[in-house]
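Have a look at this prediction, sequence included:
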Amino acid sequence: MTSNQPNGDRPLAPAPAAFSTYNPRTPSHASSSATSLEGCCRCLFLLSSLLAFLALLVALVIILAVLPKKPHVNLQLVEVQYMSITADDSTASISLTLHLIFEAVNPNKVGVTYGDFWFTVMYRRIQLGKASIPGFFQEAHNMKQVAATISINRMSLLQADAAELIRNASVNDRVDLRVLGDVGAKIRVLNFDAPALQVSEDCAIVISPRKQSITYQQCVELGIRN
């Protein structure tokens, strides 16, 4: 067979096929692996944070529900600074200044936050006066005394109450009063306050108008309620 190529010319070499060179430093696989690792680390961090929060929450619930002991607020001392009773026909009026010292006891390993402490002085069913002590924070295992003074100026009583007051004061040298106390307390753990509890106390006191002093004092804690 006769060749069409010119005599003496060599056949042309076939053109090299196109190909891509593999570079082991290509970042596609490495970038994908790094992204997956970063995602796993983020998930583990979120999971560990959630578990830590749940553990803290469970511990807080256990502490608040099981371990705390109720705080106590007691009327320790009542001093009569002034007392005067005047009678006019079927009415009577009483003027009175009392100095009260309350003792707050926190037996817990955590602090207690108290709201304003309200106390009322009553004669029979009649409210003679009411005052308050500003709230405060009490450290763990702590005892704190707070004082207050209440002044009652010519509080009028009518009919049966007036007659009872005058008879007891003049004949028996005694005036029976009640001091009612009420305060809200919150146990604090890790800067979290538990739901408020109301601490109440009912104190019976007897005053001698002649001696201007307390002759009897008896207090009953009414307990803690939500």
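That came through fine.

Test my guess that Asp173 contacts Arg210.
Yes. Here Asp173 lies in contact with Arg210, judged by C-beta atoms under 8 Å, at a distance of 5.2 Å. For the C-beta atoms, the positions are set from N, CA and C on the backbone; glycine is no exception.

Show me the helices in this structure, by range?
With DSSP state H applied, the chain shows helices at 28-65, 159-171, listed in chain order.

Check those helices for me: which has the lowest mean pLDDT.
Comparing mean pLDDT over those, the weakest stretch is helix 28-65, at a mean of 70.

Asp173 and Arg210: which is more packed in?
Ranked by neighbour count (other C-beta atoms under 10 Å), Asp173 and Arg210 place Asp173 first, with 14 against 11.

Check the more buried one and give its pLDDT.
In this model, Asp173 is scored at 96, pLDDT.

Need phi/psi at it.
Listed backbone geometry of Asp173 is phi 50, psi 50, with angles given as degrees, to the nearest 10.

so what's it up against?
Neighbouring residues of Asp173 by C-beta atoms under 8 Å, 6 or more residues apart in numbering: Ser208, Pro209, Arg210, Lys211.

Quickly list the domain ranges of this structure.
In the assignment given by automatic domain parsing, the structural domains of the chain cover 26-66, 72-225.

who touches Thr215 in this structure?
Going by C-beta under 8 Å, 6+ apart, Thr215 touches Arg174, Val206, Ile207, Ser208.

swap the cut-off to 10 Å and go again
Under the criterion of C-beta atoms under 10 Å, 6 or more residues apart in numbering, the contact list for Thr215 reads Val80, Asp173, Arg174, Val175, Ile205, Val206, Ile207, Ser208.

separation between the one residue sitting closest to the centre of the chain and Val112?
Geometric centre of the chain, nearest residue: Lys186, 2.6 Å, by C-alpha atoms, centre = their mean. When C-beta to C-beta, to the nearest Å is the yardstick, Lys186 and Val112 sit 7 Å from each other.

Common neighbours of these two, please.
Listed contacts common to Lys186 and Val112 are Pro71, Phe137, Asp193, Ala194, Leu197; contacts here mean C-beta under 10 Å, 6+ apart.

Among those residues, which one is most surrounded by other residues?
Counting by other C-beta under 10 Å, top hit in these: Pro71 with 21 neighbours.

so that one touches Phe102, yeah?
No. In this structure, Pro71 sits apart from Phe102 without contact. The criterion is C-beta atoms under 10 Å, and the distance is 12.0 Å.

one step back: what's the farthest-apart pair in the contacts of Thr215?
Spatial extent of the contacts of Thr215 (C-beta to C-beta) is set by the pair Asp173 and Ile205 at 14.4 Å.

Lowest average confidence across helices and strands of this structure, where is it?
One helix or strand of the chain scores below all others by mean pLDDT, DSSP states H and E: strand 192-193, with a mean of 68.

any idea what sits nearest Leu75, other than its immediate chain neighbours?
Nearest in space to Leu75, with sequence neighbours left out and distances taken as C-beta to C-beta, 6 or more residues apart in numbering, is Cys203 at 4.8 Å.

and what of Ala204?
The spatial neighbour of Ala204 that comes closest, neighbours along the chain excluded (C-beta to C-beta, 6+ apart), is Gln218 at 5.0 Å.
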